[in-house]
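Visitor: What follows is a predicted structure for the sequence shown.
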Amino acid sequence: MRHRKQGKVLDRKVGPRRALFKNLAQSLVFYEKIKTTEAKAKAIRPYVEKLVTTAKHPTLANRRLLLRRLPTEGAVRKLLEVLGPRYQARRGGYTRITKLGSRRGDRAAVAQIEFV
C-alpha cells in the first residue's frame, strides 16, 4: 500500500529517478522550455518550483543547496542571476504545462513544460 507516499516513481529506482529529475530540471533551466512526457512534466514541476523559490534569495547557503540539486554550476548561475530576479515579485506558479497530444511511436502523452 502507498499510504502517505509522495511523488511519482516513473518506473525507476531511486538513483535513476533522481538523475532524471536533475537532468530534466537542468534542461528546463537552460532552455526555459522542454518537451517531455506528461507524467515527467507533472513530476518535475514541484522540483523546479522549489529551485526557483530558493534562487529568489541568492545567499551562499542557497547556492550550495542548488548545487546539490542540479548537476552543473551553469544551471545554478542562471537560476540565481536570471530566473531568481525575474520571479522576485511572483509568489509561485513559475511553470506552465501544455499538453501536446501523443507521440507517434508509442502513443505516449507528450507535454511541454516552460517558465511563465
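Guide: Received the coordinates, thanks. Numbers count the residues shown, from 1 in each chain.

Visitor: where does the nearest residue to residue 7 once chain neighbours are set aside land in three-state SS?
Guide: Nearest non-adjacent residue to residue 7, counting by CB to CB, 6 or more residues apart in numbering: residue 43, 6.9 Å away. To be clear about C-beta, it is placed using only N, CA and C from the backbone, and glycine gets the same treatment. For residue 43, the secondary-structure state derived from DSSP: H, G, I helix; E, B strand; the rest coil is helix.

Visitor: Could you report the pLDDT at residue 43?
Guide: The score at residue 43 is 96. That number is its pLDDT.

Visitor: dump the residue contacts of it.
Guide: Counting by CB atoms under 8 Å, 6 or more residues apart in numbering, residue 43 touches 7-8, 10, 21.

Visitor: what's the answer for residue 21, then?
Guide: The contact partners of residue 21, by CB under 8 Å, 6+ apart, come to 43-44, 47.

Visitor: if you go through the protein in chain order, where are the strands?
Guide: Remark: strands assigned in the chain by DSSP state E are 33-37, 95-102, 109-115.

Visitor: okay, the ones you listed in JSON lines with distance to residue 15 and mean pLDDT next?
Guide: Converted to JSON lines, the strands of the chain look like this (distance: least, CB to CB, whole Å; pLDDT from 0 to 100):
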{"stretch": "strand 33-37", "distance to residue 15": "20", "mean pLDDT": "97"}
{"stretch": "strand 95-102", "distance to residue 15": "25", "mean pLDDT": "97"}
{"stretch": "strand 109-115", "distance to residue 15": "23", "mean pLDDT": "98"}
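
Visitor: closest to residue 56 out of those?
Guide: Closest to residue 56 of these, according to CB to CB: strand 109-115, at 13.6 Å.

Visitor: quick one: the residue nearest to residue 32 when sequence neighbours are not counted from residue 64, how far?
Guide: With sequence-adjacent residues excluded and distances taken as CB to CB, 6+ apart, residue 32 is closest to residue 115, at 5.0 Å. Per CB to CB, to the nearest Å, residue 115 is found 23 Å from residue 64.

Visitor: Kind regards, and thank you for your time.
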